[in-house]
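Novice: Model the following, please.
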Amino acid sequence: FRNGVETDPNLMPLLDGQNRNSNTGIELNGRSWIVVRNLQVQNYVAGVYAWNASHIKVENIIARNFGDVNASYSGKGIIVGSQASYNEVRNSIVVNAAAEGIMLYGNNNLIDGCRVYADDNSTGANSSLDYYMMIKGDSNVIRNSLVHRVGDLVHGGHGIGIKGTGQNNLIENNLAINLSGSFYVRHRGVKNNLFKNNEAIDASYAFVARDGAEGNTFDGCKAISPAYGIAFFDTTEDEGLQSGGHGNTFINCHFENVVRAVINYSYFVYRNTRSYGNVIDNLYVKGAPYLFKVEHFADNELIRNSRLINISNEVQYSSPRGPGDLDYSIVSTIKENVGF
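Specialist: Residues are numbered from 1 along each chain as shown. Next up, the predicted model:
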């Protein structure tokens, strides 16, 4: 990918901090009604920072190489910060921000037509990008964008998602490649969000509901060669043990060549967490060793109006979970060449 996003001072003005451990390239904190367009930024601790900003437009920015790669969490690309509202980030690229790529902390902000890449494995997890695009707020939009973890980086990477608190956000028409968690909702304050027509390629977990996330909808999701198509799990984050995700809906999903299991009630920290009341409607699966992998409790789960093709086995249990720890129904579903 580098040939397409190398900085070139002959192409656009270039801001070069020459030190990834300090300073911000473009600081817009507390500003309003400003357009930043057609610039290149590299070698700072942060590229563009808009804390408590409103009605800012960031367009056609190329931002590369941010953060101390010897620190545990350093380096931010384009950050629309806390209490920021009605801001837009369009047609911009971030490469190798060691901690955060493009982030929206606030309400009514937009990311459109952007790309985030990472291929820096020089210091392992410290240099490998952690969060590619993320929302923490309400009524934001991420659309028509790409996140790509290039190569076998130590950090698996979080693709595009919502963490902490966030309601009524829209994430649509995006592509995630080679991410551990491609698209996700994470924590009990994350509710009533819509993920529409997103695609994950070569994901460890393609579509994730975790740590109590509730009432979110994934519509038209597609995954090619994921280890797991849909995953639920719980961690010590957000005050510890709770549901692994409940009352979420997955509709019109299409999964091909699943490597491990279509649906994973995953063990991450707590084997006694419960996921419950999730609905999977109009699912199409072609090729998987298991439909379910069960590592924590799951209750009142439903698959309906679906088509399951070439799935070898129904359930794989992981001790201490076993038969009786998964309560589910499959209704109005066509099965072709399945082992159950």
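Novice: packing partners for the helix or strand harbouring V262?
Specialist: If you go by DSSP states H and E, V262 is part of strand 261-265. Packing partners of strand 261-265 (3 or more CB pairs under 8 Å, 6 or more residues apart in numbering; DSSP states H and E): strand 228-233, strand 284-294. For the C-beta atoms, the positions are set from N, CA and C on the backbone; glycine is no exception.
Novice: Give the pairing partners of that strand; include direction for each.
Specialist: The strands that strand 261-265 pairs with in its sheet are strand 228-233 (parallel), strand 284-294 (parallel) (by DSSP bridges).
Novice: Now do the shortest one, average pLDDT.
Specialist: In other words, strand 228-233. The average pLDDT for strand 228-233 rounds to 97.
Novice: Could you list the buried residues of that strand?
Specialist: 228-233 (16 or more other CB atoms under 10 Å).
Novice: Give me the distance from it to the chain's centre.
Specialist: Taking the mean of its C-alpha atoms, strand 228-233 sits 13 Å from the chain's own mean (CA atoms, centre = their mean, to the nearest Å).
Novice: what does stretch 44-60 give?
Specialist: That offset, for stretch 44-60, works out to 21 Å (CA atoms, centre = their mean).
Novice: end-to-end on it?
Specialist: 18 Å (CA to CA, to the nearest Å).
Novice: what does stretch 5-16 give?
Specialist: Using CA to CA, the two ends of stretch 5-16 sit 15 Å apart.
Novice: Could you do stretch 103-123 as well?
Specialist: Using CA to CA, the end-to-end distance of stretch 103-123 comes to 23 Å.
Novice: same question for it, mean pLDDT?
Specialist: 97.
Novice: what does stretch 127-138 give?
Specialist: pLDDT averaged over stretch 127-138 gives 98.
Novice: That one: which residues count as buried?
Specialist: Neighbour counts over stretch 127-138 (16+ other CB under 10 Å) mark 127-138 as buried.
Novice: ok, the buried residues of strand 228-233 vs A206, which is closest?
Specialist: Among those, G229 lies closest to A206 (CB to CB), at 5.3 Å.
Novice: now for the strands paired with strand 261-265, which one comes closest to R304?
Specialist: strand 284-294 (12.9 Å).
Novice: Tell me the first helix or strand C-terminal of the closest one.
Specialist: With elements assigned by DSSP H and E, the helix or strand that comes after strand 284-294 is strand 297-304.
Novice: ok and that following strand relative to strand 228-233, angle-wise?
Specialist: 140 degrees (axes from the mean of the first three to the mean of the last three CA atoms, to 10 degrees).
Novice: Show me what whatever helix or strand comes next after strand 297-304 pairs with in its sheet, parallel or antiparallel.
Specialist: On the C-terminal side of strand 297-304, the closest following helix or strand by DSSP H and E is strand 307-317. Applying DSSP bridges, strand 307-317 is found paired with strand 284-294 (parallel), strand 334-336 (parallel).
Novice: now for the helix or strand following strand 307-317, which elements pack on it?
Specialist: Counting by DSSP H and E, the next helix or strand C-terminal to strand 307-317 is strand 326-331. With contacts defined as 3+ CB pairs under 8 Å, 6+ apart, strand 326-331 has these neighbours: strand 284-294, strand 297-304.
Novice: hmm, 6 Å instead?
Specialist: Under the contact definition 3 or more CB pairs under 6 Å, 6 or more residues apart in numbering; DSSP states H and E, strand 326-331 sits against strand 297-304.
Novice: Quick one: distance of the strand it packs on to the chain centre.
Specialist: 23 Å.
Novice: Can you give me the buried ones in it?
Specialist: Of the residues in strand 297-304, those buried (16+ other CB under 10 Å) are 297-298, 301, 303.
Novice: ditto for stretch 78-91
Specialist: Buried, per 16+ other CB under 10 Å, within stretch 78-91: 78-81, 84-85, 87-90.
Novice: Among those residues, which one lies nearest to G247?
Specialist: Looking across these and measuring by CB to CB, the closest to G247 is S85, at 28.3 Å.
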